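A.B. asks: need a structure here:
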Amino acid sequence: MRNAQRRIAGEAWAFRARVETEAALRFSRLASAIAAFDPLSPVPALMQGAARDEEKHAAICAGLAAGYGEAPAAGRDGPIAPRALDARAAVLYEVVAACCITETESVTTLTTLLAQDAEPPVRAALREIARDEVRHGRMGWAHLAREAATTDVSFLASLIPAMLSGTVDASLFAPADPELESADLLRHGLLPHSTRRTVFTGTLDDVVFPGLANFGVDVRPARDWLASMKGADAR
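C.D. replies: Next up, the predicted model:
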């Protein structure tokens, strides 16, 4: 593999290791928060299990990053919801952002990668992580379902664009260097840039937006955000 591709792969796996560490911290914190106001919910136990999964994923990703000569930065955790939300609404914001959006998109990305011919260590890592990420997405939808059954969750509508902006960098919708479009990246567990964009937008259109709408969340602001990002790409 060319030096540039080796650097790209190493940086990507190091970034994933940091993200997985932060997810472990976030799930552990959210599990305690949900248990405090919904003690009968099955979600806190699921989140504690997910936190352990993410710690395992972080170690897997760090190991692959090391093989490419990279080391992950330390992960950090902290609330990401707007300060104007009350404690329960803030938890819902984080769960929707972290699980219904991020974890759901992660499953689609991993599924796409597993359909390719990755290097054996990379393929083993992708398979291990994918198996757990499916559960992590589902626990987010389970929490949203419980909240929607007892309270009005329509306030999320205007906040989904901010969640989406926090999920991906705006560069996803900009042209990329040829090195980031190389099909050779698939062997190392990375989607070419344009494929990443297609997977992200497809997951929103086909899974996330219909799922949110099913619980009474108006997804027109989110669709407007996506259209504006696609428009920026076209320009």
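
A.B. asks: relative to S165, how far out is the nearest residue to S158 once chain neighbours are set aside?
C.D. replies: Spatial nearest neighbour of S158, excluding adjacent residues (CB to CB, 6 or more residues apart in numbering): P221 at 5.6 Å. C-beta coordinates here come from the backbone N, C-alpha and C atoms, glycine included. P221 sits 12 Å away from S165, taking CB to CB, to the nearest Å as the criterion.

A.B. asks: and these two? Which one has more around it.
C.D. replies: Neighbour count, other CB atoms under 10 Å: between P221 and S165, P221 has more, with 17 against 12.

A.B. asks: that one is in what secondary structure piece?
C.D. replies: Assigned by DSSP states H and E, P221 belongs to helix 220-234.

A.B. asks: worst-scoring helix or strand of the protein, pLDDT-wise?
C.D. replies: helix 220-234 (a mean of 86; mean pLDDT, DSSP states H and E).

A.B. asks: number of nearby residues for the spatially closest residue to L180 that is not a sequence neighbour?
C.D. replies: In this structure, L180 finds its nearest non-sequential neighbour in H193, 4.3 Å apart by CB to CB, 6+ apart. Using other CB under 10 Å, the number of residues around H193 comes to 20.

A.B. asks: picking that back up, can you list contacts of the least confident helix or strand of the chain?
C.D. replies: Outside helix 220-234, the residues within contact range by CB atoms under 8 Å, 6 or more residues apart in numbering are 157-158, 160-161, 164-165, 170, 172-174, 197, 201, 204-205, 209, 212.

A.B. asks: one more time with 10 Å, if that's ok
C.D. replies: With CB atoms under 10 Å, 6 or more residues apart in numbering as the test, helix 220-234 has contacts from 101, 156-165, 168, 170, 172-175, 194, 197, 200-201, 204-205, 208-209, 212-213, 219.

A.B. asks: buried among those residues? Make that a ChimeraX selection.
C.D. replies: Those of those that count as buried under 16 or more other CB atoms under 10 Å are selected in ChimeraX with:
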select :101,156,157,159,160,161,162,163,164,168,172,173,197,200,201,204,208,209,212,219
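
A.B. asks: looking at the contacts of helix 220-234, which are in helices?
C.D. replies: 160-165, 194, 197, 200-201, 209, 212-213 (DSSP state H).

A.B. asks: this completes my enquiry, with thanks.
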